[in-house]
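Undergrad: Here is a sequence with its predicted model. Questions after.
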Amino acid sequence: MATNNNKHILVIRLSAMGDVAMTVPVILGLTKKYPELKITVLTKAFTAPIFADINNVSIFNADVSGKHKGVQGLWKLYMELKTLQINAVADIHNVLRSTILKQYFKLSSIPFIQVDKGRAAKKELVNPQRTSFTPLKTTFERYSEVFGKLGYPIAISEMETLPKQAISENVLNLKDTKGKLLIGIAPFAAFSGKMYPQNLMEEVLSSLNSSNNYQIVLFGGGEKEIGFLTKWDEQFNNCHNVAGKLSFSDELKLISNLKLMLAMDSGNAHLAAMYGVPTITIWGVTHPYAGFSPFNQPEHYALLSDRKKYPAIPTSIYGNKYPDGYDKVMETIRPVTVVQKIDEILGTSV
């Protein structure tokens, strides 16, 4: 057991964007509770803007596709990290790369605590022959356990969200919403099992657009996704596609100013939640019981596919696996349900 004499902690969380965003409430809470604590986050360079406004937190770029690739590259990374005078390591990723780094840090007798991902419990959760169906620990609880073992306990109630950011000149045209509420919609996910069908999402957009209550910002990335978002931008007068048009830093500032975000079980949900933005999530073959719900969002903000009709849900933790017949689970969440939830949260119901 380490003690809180460890004044400089290295936090390892290399990917993905949503998982990195989930570290923010924990790290921000730690810096408020322990102002003497210095934290260096080892992550990929593109996620650096996520931590830009947190005091006593710096980023170290893990170039795992370049100079830090492979066993020799990780040794070079370890030697670079040693110069930072790190006292302890919180590995909240726990993958092969970080486990190799753990062996190197043993040479310096630096405390190195790895997150317990609960792999066995998650495997049982996605087992269609499961004997029970109960929530697992949240990711925030798992992260908290790591810091507690390093001498810095932090409760969920002590975790924090980031404040709203000033919108840059690049997106000032969206700030004037002409009396309409600025909401975001991020309709994509890494796997199809987590993505609301595009024809149903188009129905959602059509209804929200025709209500004239909202200015809708569309988020996404990738050439194919941008194509869909551009079509919706042109089709609906209250929709604005920002995919591929803003820097990640400007995108975060815009997200922080939303009145609400509608997203899949994906990274954009966690980016919105880290700013305390009300976040509705749509769940397909994954399920909140796996512990990946956005931070501090009420349970009823999660719209779930029908488990009575599809009892094997969740079929996987990440949405990449599902049995035959489970490709249409999200069709059990009707567009009217999504729109009603948005109206209910924002008080625009007729």
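TA: Alright, I've got the coordinates.
Undergrad: Quickly find the element holding residue 210.
TA: helix 198-211 (DSSP states H and E).
Undergrad: Could you check how far that helix is from the centre of its chain?
TA: In terms of C-alpha atoms, centre = their mean, to the nearest Å, the gap separating the centre of helix 198-211 from the centre of its chain is 24 Å.
Undergrad: Buried residues in that helix, which are they?
TA: Within helix 198-211, the residues that count as buried by 16 or more other C-beta atoms under 10 Å are 200-209. Backbone N, C-alpha and C define where each C-beta goes, glycine included.
Undergrad: export those residues to CSV and tack on distance to residue 228 and pLDDT?
TA: Output for those, formatted as CSV (distance: C-beta to C-beta, whole Å; pLDDT from 0 to 100):
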residue, distance to residue 228, pLDDT
200, 13, 98
201, 9, 98
202, 9, 97
203, 14, 98
204, 13, 98
205, 11, 98
206, 14, 98
207, 18, 98
208, 16, 98
209, 15, 97
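Undergrad: Can you tell me how far residue 28 is from residue 203?
TA: 37 Å (C-beta to C-beta, to the nearest Å).
Undergrad: Next up, the contacts around the residue nearest to residue 289 when sequence neighbours are not counted.
TA: The shortest distance from residue 289 to any non-neighbouring residue, by C-beta to C-beta, 6 or more residues apart in numbering, is to residue 135 (4.6 Å). Contact analysis of residue 135 by C-beta atoms under 8 Å, 6 or more residues apart in numbering lists 288-289, 291.
Undergrad: Check residue 135 and give its pLDDT.
TA: For residue 135, the pLDDT comes out at 97.
Undergrad: what is the rounded mean pLDDT of the helix or strand hosting residue 39?
TA: In this assignment (DSSP H and E), residue 39 forms part of strand 38-43. Averaging pLDDT along strand 38-43 gives 98.
Undergrad: Give the pairing partners of that strand; include direction for each.
TA: strand 8-12 (parallel), strand 57-61 (parallel) (DSSP bridges).
Undergrad: Residue 50: neighbouring residues, count only.
TA: Using other C-beta atoms under 10 Å, residue 50 has 25 other residues around it.
Undergrad: and it, that's in a helix?
TA: Yes - assessed with DSSP: H, G, I helix; E, B strand; the rest coil, residue 50 lies in a helix.
Undergrad: Would you quantify the distance from it to residue 18?
TA: Taking C-beta to C-beta, one finds residue 50 at 11 Å from residue 18.
Undergrad: any common contacting residues for these two?
TA: In contact with both residue 50 and residue 18: residue 271, using C-beta under 8 Å, 6+ apart.
Undergrad: Would you map the strands across the chain?
TA: Remark: strands assigned in the chain by DSSP state E are 8-12, 38-43, 57-61, 88-91, 112-114, 181-186, 214-218, 239-241, 260-264, 279-283, 302-304.
Undergrad: need these in a markdown table with mean neighbour count, can you?
TA: Listed next are these as a markdown table, based on neighbours: other C-beta atoms under 10 Å:
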| stretch | mean neighbour count |
| --- | --- |
| strand 8-12 | 23 |
| strand 38-43 | 22 |
| strand 57-61 | 17 |
| strand 88-91 | 26 |
| strand 112-114 | 20 |
| strand 181-186 | 23 |
| strand 214-218 | 23 |
| strand 239-241 | 21 |
| strand 260-264 | 26 |
| strand 279-283 | 26 |
| strand 302-304 | 19 |
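Undergrad: Which of the ones you listed sits closest to residue 231?
TA: Evaluated over the strands of the chain, closeness to residue 231 peaks at strand 239-241, with 8.9 Å, by C-beta to C-beta.
Undergrad: so what does the closest one touch, helix or strand wise?
TA: Here strand 239-241 touches strand 214-218, helix 223-235, going by 3 or more C-beta pairs under 8 Å, 6 or more residues apart in numbering; DSSP states H and E.
Undergrad: Provide the count of other residues in contact range of the residue lying closest to residue 122 once chain neighbours are set aside.
TA: Closest residue to residue 122 apart from its sequence neighbours, by C-beta to C-beta, 6+ apart: residue 317 at 5.3 Å. Neighbourhood size, residue 317 [other C-beta under 10 Å]: 20.
Undergrad: re earlier: out of the contacts of residue 135, who's nearest residue 43?
TA: Closest to residue 43, out of all of those and judged by C-beta to C-beta, is residue 291, at 20.5 Å.
Undergrad: Quick check, that closest one in contact with residue 138.
TA: Yes - look at residue 291 against residue 138 with C-beta atoms under 8 Å: they come within range, at 4.5 Å.
Undergrad: More neighbours: the two, which one.
TA: Using other C-beta under 10 Å as the criterion, residue 291 and residue 138 rank with residue 291 on top: 21 against 18.
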